[in-house]
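# just a sequence and a predicted model for now, questions to come.
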Amino acid sequence: MTIEFYELAAENKDIKFSPFVWRTRMALLHKGVDFESIAWQFRDRDTKEHKTVPAIYDNGKMVSDSWEIAKYLDAQYPDKPMLMKDAEAEAHAQLVSNICNMMIFATAVSMAIYPVSQIIDDESAAYFIETREAKFGKKLVDINNGDKDAAKAALAKGLGVFEATLGTSDYLGGDAPTYADYTLFGVLKWIDVVAYRPVDESTNVGKWFDRISAMYDGDAANAPTVNNT
Ligand SMILES: N[C@@H](CCC(=O)N[C@@H](CS)C(=O)NCC(=O)O)C(=O)O
């Protein structure tokens, strides 16, 4: 059966931008399972069983939370390529996820959160702005780093550990991507979709970003962004 996959969408429903949803999208592509993408906007939050995206419905079973979905897909489809083949791989992906949360997300937020508020539908935007300004205790426009070069430099600093790692292996997972790779990729793809390309092509992270983007028939490379729609 085809998995129903709920993806956060802009007012233009072709633009899918959530960092967490991108992790799951790449995980579904990695597994090679059949899925159908369903656009979900913040204004839809009370219409289904799930309250956040990503969420999947597989044979009627709902799973939400990107990490839980990755673990579910491996448990349910062990004959398909594994995202995290064992406890060690799981710990490694968790480490990457924690580095993203602690060293990269704040900078990513300064690049992406205000642009998000500008591309979603009005009803969703009212909810998004109110909840996020309450969470951060600031106006979104004051969180926004309008200086693209400074923001990219701050991001590159946070990405230093990955820049070094990707100098010695093609993927964070080694010779092939694992869920660890998609964890970081989701954060960078978020910025790429709503604002601008966040990493230079010449860097190790930039080359890795392009390698991942080209996978699965260029699914991520060809995804609509604010700059190509
Ligand atoms: N820990 C969750 C976070 C998911 C999440 O926060 N998703 C946001 C979109 S990026 C959401 O659905 N928010 C719903 C809301 O704010 O009501 C995951 O990894 O899936």
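Happy to help now that I have it.

# break this structure down into its structural domains.
3-76, 87-218 (automatic domain parsing).

# can I assume Gln132 sits in a helix?
Gln isn't right for residue 132; it's Arg. Yes. Under DSSP: H, G, I helix; E, B strand; the rest coil, Arg132 falls within a helix.

# correct me, but it touches Ile113?
Yes. Counting by C-beta atoms under 8 Å, Arg132 touches Ile113, with 6.3 Å between them. The way it works is simple: take the backbone N, C-alpha and C, and place the C-beta from them, glycine included.

# quickly list what's touching both of those two.
Shared contacts of Arg132 and Ile113, defined by C-beta atoms under 8 Å, 6 or more residues apart in numbering, are found at Leu140.

# neighbour count winner among those two?
Ile113 (22 against 18; other C-beta atoms under 10 Å).

# now do the contacts for that one.
Here Ile113 is in contact with 132, 136, 140, 143-144 (C-beta under 8 Å, 6+ apart).

# what does stretch 11-21 contact?
7-10, 22, 25, 37, 39, 41, 52-54, 66, 108, 112, 116, 119-121, 124, 186-187, 189-190, 193-194, 223-226, 229.

# if we check the ligand, which of those residues are in contact?
When contact is defined as C-beta under 6 Å from any ligand atom, the contacts of stretch 11-21 meet the ligand at 8, 52-54, 66.

# what parts of this protein come near the ligand?
Contact residues (C-beta under 6 Å from any ligand atom) of the chain with the ligand: 8, 18, 20, 42, 45, 52-54, 65-67, 131.

# now those residues: which count as buried?
8, 18, 20, 42, 53-54, 65-67 (16 or more other C-beta atoms under 10 Å).

# just the ones of those residues in helices?
20, 66-67 (DSSP state H).

# how much space between Asn98 and Glu36?
Separation of Asn98 from Glu36 (C-beta to C-beta, to the nearest Å): 32 Å.

# next SSE downstream of the host helix or strand of Ala180?
Using DSSP states H and E, Ala180 sits in helix 179-194. Next along the chain after helix 179-194, taking DSSP H and E as the criterion, comes helix 204-218.

# tally of neighbours for Ser97?
For Ser97, using other C-beta under 10 Å, the count is 20.

# scratch that, Ala39
Counted with other C-beta under 10 Å, Ala39 comes out at 16.
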